[in-house]
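Peer 1: Would you be able to build a 3D model of this:
(one chain, ligands or ions: 1)
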Amino acid sequence: EKSPVTLLGLGAMGTALARTWLDAGHPLTVWNRTPSRADALVSEGAKAADGAAAAVAASSLVIVCLLDDASVGAALDGVDLTGKDLVNLTTTTPAQARARAAWAAERGARYLDGGIMAVPPMVGVPEAGGYVFYSGSRELFELHQEALAVPVGTVYVGEDAGFAALHDVALLSAMYGMFGGVAHAFALIRREDIDPSAFAPLLSGWIAAMAGPSVLQTAAQLKSGDYTTDVVSNLAMQVAGTPTFERTAAEQGVSPELIQPYFELMRRRLAVGSGEEDLTGVVDLLLK
Ligand code: NDP
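Peer 2: Numbering: from 1, shown residues only. Sure thing, here's the model as predicted:
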């Protein structure tokens, strides 16, 4: 007999999560602000609760996947959470997650925060490699490990309820930086007779080859405090190369606005650091 699960929120993500618990045989109670969004799931075996309070009362494990932190406050306003295990998969900031953990504790609930590193089509598809960062109550995480691992993988990152959101936002921030670089690269070739589809595998292969080693190298240097590079591409050489990138952008009629801020940080680091360093010193310049 699988443990009962309650899920609040049947948006694109909540609906994808719900199906995996149903498929795995967990008794599932759902609630959504707009009740009609539960209809398909009810025909697949879920129970639709009349309100959020009734949904919460149905299971000790209560999973919330709503739009934002404000919608979590709105949905659970006045609901009795005493003795509940509340798992909040709504995307928030670290500070919002910590405040929500304190809010749950005041109401007598154990709290686990989650950051979903997957899009709905990856949910229930183990080969897709999606997972959820979890932080907060370790007891809750361990007690409900089986149910939590049903939709996607799980990665527990600590007792601080804000750490899941922090890991989530850090990874997505790096992704947006990468998207910025990709946009600039496509803009450079855009006016030429170059097939973007022929260019794409070159670009994605290059990103994959560069990303892994540079991330590991940066981590090792941050830990040791020694930013000296043992490879040939030192900071002095890389700063000397920046005008080539800026001139090429100008030649191609492409705005340098995405790449220029990073080049400026590289030059600032060279001014205060050493030319023998790697690019790791840029991290320190970003700390306000
Ligand atoms: P949707 O926009 O599809 O769904 C939003 C959900 O929030 C709906 O159930 C909606 O109810 C509900 N909601 C909004 N405001 C309120 C409110 N004031 N009170 C009660 N319920 C409210 O979003 P997703 O399902 O895609 O996303 C849910 C969470 O998952 C978000 O935090 C998102 O960042 C996160 N996430 C989503 C990913 C994705 O690719 N979709 C990827 C990773 C994380 P109603 O139906 O009544 O409008």
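
Peer 1: Residues of the stretch 51-200 of the chain that sit close to the ligand?
Peer 2: Within the stretch 51-200 of the chain, the positions near the ligand by CB under 6 Å from any ligand atom are 65, 66, 67, 68, 71, 74, 75, 90, 91, 116, 119, 120. Yep, even glycine has a C-beta here, placed from its N, CA and C like the rest.

Peer 1: out of those, who has the most neighbours?
Peer 2: residue 90 (26 neighbours; other CB atoms under 10 Å).

Peer 1: The closest residue to the ligand within the stretch 1-150 of the chain - how many residues pack around it?
Peer 2: Per CB to the nearest ligand atom, the residue of the stretch 1-150 of the chain with the smallest distance to the ligand is residue 11, at 1.9 Å. Neighbour count of residue 11, defined by other CB under 10 Å: 17.

Peer 1: Could you check how far residue 172 is from residue 115?
Peer 2: To residue 115, residue 172 is 9 Å away according to CB to CB, to the nearest Å.

Peer 1: who's more crowded, the two?
Peer 2: residue 115 (28 against 13).

Peer 1: so who does the more buried one touch?
Peer 2: Counting by CB atoms under 8 Å, 6 or more residues apart in numbering, residue 115 makes contact with 89, 91, 132, 133, 164, 165, 167, 168, 169.

Peer 1: what's the neighbour count on the residue in the stretch 151-288 of the chain that the ligand sits nearest to?
Peer 2: Closest residue of the stretch 151-288 of the chain to the ligand, CB to the nearest ligand atom: residue 168 (8.0 Å). Neighbour count for residue 168, taken as other CB under 10 Å: 24.

Peer 1: Equivalent analysis for residue 228, please.
Peer 2: Neighbour count of residue 228, defined by other CB under 10 Å: 13.

Peer 1: That one and residue 274, how far apart?
Peer 2: With CB to CB as the criterion, residue 228 and residue 274 are 7 Å apart.

Peer 1: Strands of the chain, start to end?
Peer 2: Using DSSP state E, the strands of the chain run over residues 5-8, 28-31, 47-48, 61-64, 85-88, 110-117, 131-136, 153-156.

Peer 1: among these, which is nearest residue 103?
Peer 2: Judged by CB to CB, the one of those that comes nearest to residue 103 is strand 110-117, at 8.4 Å.
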